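# heads up, no residue letters with this:
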């Protein structure tokens, strides 16, 4: 069995990619299981898709304008492959968004949607497969370049810039999908960082979202450790 080495340095893609993997998996599951004669199921499919597409758009913007922009300055041409992939991904995403909105609209009107539902499911699976490979490439190749050309302090500053670009309502989406996809130590570290930097009222919202998506025992443990108990 091949040995996988563990790098303890900051992983720039870890949290967002865990959130995106979770959201992609949820949407894929719903795309295959939704009963389109039931409006509440159609609306859940639509909402989950809108959540995912919003996160994807924001994530690509942050990567292009923070991480890849910094890498390009330090090592010209190093981020071009990722940027080019983003263009292809965004075009495929736009097609999926249009398919989903058409599918939901027609289903909620009571129209037959079998063919459109199948088309969306197939296209989503094609996108899902490609995006998993895209994320893996960033985690294995782009991350290595970031480690080689930036210090931990510089990576932390990039992370602060990235977080600063996220609107509060979007941050709640990231918490919704990323928090349950993380192990406890990583989740606790993430939450401690947000607690230190977010207004108290907003952090309470973060905790409420966390409570809604985490098993009760996991949330209680998180809340206690955040409180220093």
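Looks like it arrived, so ask away. Small disclaimer: the values here were computed from a predicted structure and weren't measured.
# next up, the contacts around residue 127.
Taking Cβ atoms under 8 Å, 6 or more residues apart in numbering, we find residue 127 in contact with 89, 92-93, 96. The C-beta positions use only the backbone N, C-alpha and C, and glycine is treated the same way.
# correction: the previous question concerned residue 71.
By Cβ under 8 Å, 6+ apart, the neighbours of residue 71 are 78-79, 142, 145-146, 149.
# could you measure it against residue 165, distance?
Distance, residue 71 to residue 165, using Cβ to Cβ, to the nearest Å: 17 Å.
# list the buried ones in stretch 172-192?
Within stretch 172-192, the residues that qualify as buried are 172-182, 186-187, 190-191, counting by 16 or more other Cβ atoms under 10 Å.
# equivalent analysis for stretch 154-166, please.
Using 16+ other Cβ under 10 Å as the test for burial, stretch 154-166 gives 155, 158-159, 162-163, 166.
# quick one, longest helix in this protein?
As assigned by DSSP state H, the longest helix anywhere in the chain is helix 80-108.
# for that helix, the distance to its chain's centre please.
15 Å (Cα atoms, centre = their mean, to the nearest Å).
# now the buried residues of stretch 154-166 in CSV, with pLDDT?
Listed next are the buried residues of stretch 154-166 as CSV, based on pLDDT from 0 to 100:
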residue, pLDDT
155, 95
158, 93
159, 93
162, 93
163, 92
166, 94
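# among those residues, which ones are in strands?
Counting by DSSP state E, no part of the buried residues of stretch 154-166 is found in strands.
# ok, those residues vs residue 130, which is closest?
Comparing the buried residues of stretch 154-166 against residue 130 with Cβ to Cβ places residue 162 closest, at 23.3 Å.
# tell me who's in contact with that closest one.
Residue 162 neighbours (Cβ under 8 Å, 6+ apart): 62, 66-67.
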